[in-house]
Structure formats: C-alpha cells, structure tokens
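Student: Just to be clear, the model below is a prediction. Sequence and coordinates:
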Amino acid sequence: MDRMRIVVIFVIALIHLSNGEFQRFQHPTKADGSLQVLVVGDWGRKGDYNQAQLANQMGITTEKMDIDFVISTGDNFYEDGLTDENDAAFHKSFTDIYTAPSLQKMWYNVLGNHDYRGDALAQLGRILKARDSRWFCMKSFILDAEIVEFFFIDTTPFQDKYFTDPENHVYDWRGVLPREKYLSTLVKNLESGLKESKAKWKIVIGHHTIKSASEHGNTQELVDKVLPILEANGVDLYINGHDHCLQQIASSKSALQFLTSGGGSKAWRGVYNWTNLNEMKFFYDGQGFMTLHITPHQIDVKFYDISGNILHKWSISPQSSIVSNL
C-alpha cells in the first residue's frame, strides 16, 4: 500500500470517528516479510531539552536500517498540546525537527495527557495531515502489518485524576464524554479485536504506563481494566511513553513484556522504584529511543541513547525469550 492510499484511508476514517471505536489500517512489510520500526515518545518541545539532538541521532541510526514507519507513544506537544490546527508548534516540534531523510516515513501517533490539555481534535484532523503527509493520529485504531497487528489505544481517559483532580489544567474531552460509555466501548473493541486477530504477533500501544519504575509508576486503572485483557489474549508487548525513560519490565503471570520509550526530549527524573529484580530487565532514566525488528519468527528490541549507543537488546520468539544486557 503506497502513501497516497494510506492518506485516502485516513481521510475516510475521520468521517467515521466516534466514541471508543477502532478503525483498521494496513501497512505493508518489506519484500522479505519483515518490519523495522522506530518508537519514540514524549518529544514535542520545539527542539529544546535535547529533542533536536536526539532527532539527529534517530536519523543517523535509522538510515542504516531502513525503517518502515515510526510509532509515537504520545505527549506529542508540550506543555499543553496544540492551540488549534494552525499552531506553529506543529512545525517547530515535528516537521522542522525530524528532517532526516530516513525519518520521512509514516508516523503513527497516539495522544498523551499533555495533548489533551490543548485542542486534542486538532491532532486528529485533516489540516495537519495536509501540512505533513507523515502525520497519522487517531485516538484508538488497529494497524495491520501482516505479520503483526498494532493496537493503539487512548489511555488518558482511563485515569481518574484527570477528571477528579485536574491540577488547574483544562482537558479537551470532546468525543470522550460520557466517559463511562467511551471506556466501555474502547475496552470491548480492544478485547474483540485481540480475540479475532490472526497475526503472528500482537502489540498494544498506549501513552500511559501499565508497569513502570519511574516517576508515574503503575497506572492502576490500566492494571485493572486493560491488563487482564492483554494477558488473556496473548499480547506479546505493551509499549508506552508517559514516564520519560527507557525500560523493560517482564510480567510475572504471562509472556507479556512492558516496554517504555518516553525519552524523546526532557528526561532525567531521578526516580526509580521497583523491588522485583526478576521482573526488571532494563531501566535507563535518560533520553533515547527504541527500535523493533519484526519477522515471522522473532522480534528484536533495541534501546538507544542520545549518542546512538545500544543500551539494551532483547529478543522474543514463539518458543522462548532471550534477554541480553549490554
């Protein structure tokens, strides 16, 4: 499927947006059936807090591997999202920053809590897509890449504190209210989509952590409402941002792994809180990004720092998983 086809499908899907619904999109694999994916989160600071330097390194690293697309785990624009579709922050934080030829691929984005503080619908609209054809953002959707299905879910509405204790922030809940109905539909569609999936690999993407050793820690609402669905339906990876770090935590109940790639700009929070050493496979409280090399037989995960050094790598196959620390 070429880029023009993806754009057409995206525009059609916008017409059908409704509470908690999932639209399905397709992205082709390479000729050998594999995928190379870059994952970065919590980045949009107009180049500040080393965002520009990290973007440069992302370009250098991905030039060597020919990525197929980029996944953004949310908090795309700080501190308070976009003011509207004409906000110059879109160019200053995205188009003018990720300029490397190797990064001129589709960017599949979810919204983070900071994105909801602005005009959240602006990020979902046609105008930004017209200004930069790489931009693809929806609240929840399925990306079918043949050997793997990515389930992007809208995690911000799950967390109670944004509704009960907004900390003087205003959130754009258009399309979310009534909240109970929205979340019920989202959870139902996630569960049915996972059950129906015939893909070799199933990966769920959300902004908020399910498990994390950093500042935000575990998100209890996701632990209660989403985690059981992931474990019951053979999900291989849950990938998030929100905490500004890089980490891998293993589940004690299933083969599910929790991967955080939230080091796209401001990081170094200085918080670590985890006691189960068997679950904690890797933690780095700094800036960086992650790559996934996906084949029918294996997923290879690598975490990089701002200088392009590989900090940690790990592989999973249907039969076994191997963890390697560098």
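Tutor: Now that the structure is in, tell me what you want to look at. Keep in mind it's a predicted model, so treat the numbers as computed, not measured.

Student: Could you use CA atoms for every contact and neighbour count after this?
Tutor: Noted.

Student: how about the helices in the stretch 51-200 of the chain?
Tutor: Under the criterion DSSP state H, counting those that start in this stretch, the stretch 51-200 of the chain contains helices at 51-63, 89-90, 126-131, 161-164, 179-196.

Student: Tell me which of those helices sits nearest to H114.
Tutor: Within the helices of the stretch 51-200 of the chain, the stretch nearest H114 is helix 161-164; the backing value is 10.8 Å (CA to CA).

Student: which other residues reach that closest one?
Tutor: For helix 161-164, the surrounding residues in contact (CA atoms under 8 Å, 6 or more residues apart in numbering) are 156, 171.

Student: before we move on, what about stretch 115-124?
Tutor: Counting by CA under 8 Å, 6+ apart, 14, 74-78, 80-85, 111, 128, 136-139, 156, 169-174 sit against stretch 115-124.

Student: roughly how far apart are the residue most central in space within the chain and I147?
Tutor: With distances taken as CA atoms, centre = their mean, T73 lies nearest the centre of the chain, 2.5 Å away. Distance of T73 to I147, given as CA to CA, to the nearest Å: 21 Å.

Student: residue contacts, the residue nearest to the centre of the chain?
Tutor: T73 makes contact with 39-42, 109-112, 205-207, 239-242, 261-262 under the criterion CA under 8 Å, 6+ apart.

Student: excluding its backbone neighbours, what's nearest it?
Tutor: G41 (4.6 Å; CA to CA, 6 or more residues apart in numbering).

Student: Show me the shaky parts of this protein.
Tutor: 1-20, 319-326 (pLDDT under 70).

Student: 80 instead, please
Tutor: Residue ranges of the chain with pLDDT under 80: 1-21, 166, 318-326.

Student: Distance to H297 and mean neighbour count for the helices of the stretch 51-200 of the chain - can I get that in CSV?
Tutor: Listed next are the helices of the stretch 51-200 of the chain as CSV, based on distance: least, CA to CA, whole Å; neighbours: other CA atoms under 10 Å:
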stretch, distance to H297, mean neighbour count
helix 51-63, 22, 21
helix 89-90, 38, 22
helix 126-131, 34, 15
helix 161-164, 41, 12
helix 179-196, 20, 16
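
Student: would CSV of the ones you listed with distance to I299 be doable?
Tutor: Compiled in CSV, the helices of the stretch 51-200 of the chain are given as follows (distance: least, CA to CA, whole Å):
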stretch, distance to I299
helix 51-63, 17
helix 89-90, 32
helix 126-131, 30
helix 161-164, 35
helix 179-196, 19
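
Student: and of those helices, who's closest to I316?
Tutor: For I316, the closest of these is helix 179-196, at 19.4 Å, according to CA to CA.

Student: Could you report the neighbour count for the nearest residue to Q53 once chain neighbours are set aside?
Tutor: Once flanking residues are discounted, Q53 sits nearest to I306: 7.2 Å by CA to CA, 6+ apart. Neighbourhood size, I306 [other CA atoms under 10 Å]: 21.
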